[in-house]
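A.B. asks: need a structure here:
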Amino acid sequence: MIQNTSTIAATHPYSSGATTQIDIPESGYITEILALSQIYITGGTSVSAAEDALARLIDAMQITAAGGKNYYDITDGRQGFYREYIRRQGQAQIDSMPAANAAATKRMLTVIHPGLNPYDPFDRSIIIPAAELSNLKHKVTWGAASTLGSGFTITAASSTLSLTVNEIVLEKGER
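C.D. replies: Below you'll find the model as predicted:
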């Protein structure tokens with residue numbers, strides 16, 4: 001049994017109101033996926049951030065496979081963020097919004113961990129059996145910049161969501 005961690009080369013580009021999808025490798029048994037949003041935000045002369053602004057920017061996130069199988073489904077980025085915030089006892093990663101007249105890349109980490117032990121990235125208690133699936137996709141529906149609050153703009157060309165996959169790959173002869 002080999003424990004692999006790899007970042008998928010394809011990313012979800014930010015596009016207000018659009019749904020983007022990328023293929024998830026089907027080489028092993030997925031124990032955790034780290035979804036890192038990196039959004040380039042500029043604050044105007046007067047800004048007012050919404051509560052959980054970066055989490056609100058994700059309208060939905062799913063992991064699906066052929067045959068209508070659904071392995072992860074949230075209808076608001078705050079669901080995914082706070083699910084792991086609670087499971088990890090407050091250990092969550094989300095940046096605050098930029099101040100007025102400032103610009104920066106702001107990050108939020110959404111952890112997709114189907115297992116029972118959120119502190120073990122290779123927890124085998126519950127997995128996504130990618131090696132036994134076909135057409136495994138990660139989908140994101142993006143919200144509008146207005147969900148961040150007032151006075152903020154997003155530079156789409158510099159804003160993405162990337163995936164890092166932790167998986168267990170069986171060696172020849174293993175079951």
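A.B. asks: which ones are touching residue 119?
C.D. replies: Applying C-beta atoms under 8 Å, 6 or more residues apart in numbering to residue 119 gives the contacts residue 88. No exception for glycine: its C-beta is placed from N, CA and C like everyone else's.
A.B. asks: Look up how far residue 113 lies from it.
C.D. replies: For residue 119, the distance to residue 113 equals 9 Å [C-beta to C-beta, to the nearest Å].
A.B. asks: what bits of this protein have low per-residue confidence?
C.D. replies: 175 (pLDDT under 70).
A.B. asks: What's the biggest strand in it, counting residues?
C.D. replies: In the chain, with assignment by DSSP state E, the single longest strand is strand 29-49.
A.B. asks: After it, which helix or strand is next?
C.D. replies: Downstream of strand 29-49, the first helix or strand assigned by DSSP states H and E is helix 53-56.
A.B. asks: Report the angle between the helix or strand that that following helix is followed by and strand 29-49.
C.D. replies: Using DSSP H and E, the helix or strand that follows helix 53-56 towards the C-terminus is strand 58-65. Using axes from the mean of the first three to the mean of the last three C-alpha atoms, to 10 degrees, the inter-axis angle of strand 58-65 relative to strand 29-49 is 170 degrees.
A.B. asks: Can you dump the C-alpha atoms of strand 58-65 in CSV for me?
C.D. replies: What follows is strand 58-65, C-alpha atoms only, in CSV (Å, rounded to 0.1, in the frame of the first residue of the first chain):
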residue,chain,number,x,y,z
ILE,A,58,-18.4,29.3,-3.5
ASP,A,59,-22.1,28.7,-4.3
ALA,A,60,-21.7,24.9,-4.6
MET,A,61,-19.1,22.1,-4.7
GLN,A,62,-19.6,18.5,-5.7
ILE,A,63,-17.7,15.3,-6.3
THR,A,64,-19.5,13.1,-8.7
ALA,A,65,-18.9,9.9,-10.8
